[in-house]
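K.L.:
Give me coordinates for this.
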Amino acid sequence: MDSEFILTIYPDIPDYQGDTEQLVSLFKKCKLVGIALDNKRYATGEKFLSLLTFMGCSPNIELEPQDNKPYCYIELKTPSQMQFISGKNTKYPLCSQCKEKLKKLTCTKCDNRINPTIINWRKSAFVANCWIVIANIYELEAIPNDELLELLANETGIKWKYAYLRQAKEINLNL
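P.N.:
Alright, predicted model coming up:
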């Protein structure tokens, strides 16, 4: 079951192509993930709750896979082409040419196409060739803590960021 709400963690360098085996090995070593559920999707591990900072006093999350009920899982996405990942909650900027509020990557008023790699998406979209999905985490319900971000940075040599998406969609980029 795909999740409507996700927390994503992605590298600061959009064209970074993550080494799947290296990243999964790190996830297992730090116990972010538990058992494999299917291809690149894992149950939460025993240190999952300590690698994220949960906001509020009692987050409502399910950690165990259940039939027809949303639960947290971790998925590594490594498509063959760089993607623009956005959702219903994406905060699009104004068109740089006509100042129309954009609703996608090409302005419907003047056909100006924006380069999504240079926009500050305010934690609501990003461009990447590799990213981590933490499913069924609502916007601002949790953030990856410094320990997790430092583990990723030390393993890959790249700073990692995060974003929240609702009903995420991926668009292939030909940059």
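
K.L.:
CA only for contacts and neighbour counts going forward, please
P.N.:
OK.

K.L.:
Helix or strand for residue 147, just tell me which one.
P.N.:
In the assignment (DSSP states H and E), residue 147 maps to helix 146-156.

K.L.:
Please enumerate the helices of the protein.
P.N.:
20-29, 48-51, 146-156 (DSSP state H).

K.L.:
low-confidence ranges in the protein?
P.N.:
1, 57-59, 175 (pLDDT under 70).

K.L.:
Mean neighbour count and distance to residue 67 for the helices of the chain - can I get that in JSON lines?
P.N.:
Shown next, in JSON lines, are the helices of the chain (neighbours: other CA atoms under 10 Å; distance: least, CA to CA, whole Å):
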{"stretch": "helix 20-29", "mean neighbour count": "14", "distance to residue 67": "25"}
{"stretch": "helix 48-51", "mean neighbour count": "17", "distance to residue 67": "21"}
{"stretch": "helix 146-156", "mean neighbour count": "16", "distance to residue 67": "29"}
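
K.L.:
Could you name the stretch from the ones you listed that's closest to residue 122?
P.N.:
Counting by CA to CA, residue 122 lies closest to helix 146-156 out of these; the figure is 17.9 Å.

K.L.:
gap between the closest one and the chain center?
P.N.:
15 Å (CA atoms, centre = their mean, to the nearest Å).

K.L.:
Can you name every helix or strand that it contacts?
P.N.:
Secondary-structure packing of helix 146-156 (3 or more CA pairs under 8 Å, 6 or more residues apart in numbering; DSSP states H and E): strand 160-166.

K.L.:
how far is the strand it packs on from where the chain is centred?
P.N.:
5 Å.

K.L.:
How about stretch 50-57?
P.N.:
How far stretch 50-57 lies from its chain's middle: 17 Å, per CA atoms, centre = their mean.

K.L.:
Flag every buried residue along it.
P.N.:
51-52, 54 (16 or more other CA atoms under 10 Å).

K.L.:
Quick one: the residues you listed as TSV, columns for distance to residue 168 too.
P.N.:
Below are the buried residues of stretch 50-57 laid out as TSV (distance: CA to CA, whole Å):
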residue	distance to residue 168
51	23
52	21
54	21
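
K.L.:
Out of the residues you listed, flag the one nearest to residue 27.
P.N.:
In terms of CA to CA, no member of the buried residues of stretch 50-57 lies closer to residue 27 than residue 51, at 10.7 Å.

K.L.:
Wait, the closest one touches residue 144, no?
P.N.:
Yes. Shown here, residue 51 and residue 144 form a contact pair, counting by CA atoms under 8 Å, at 6.3 Å.
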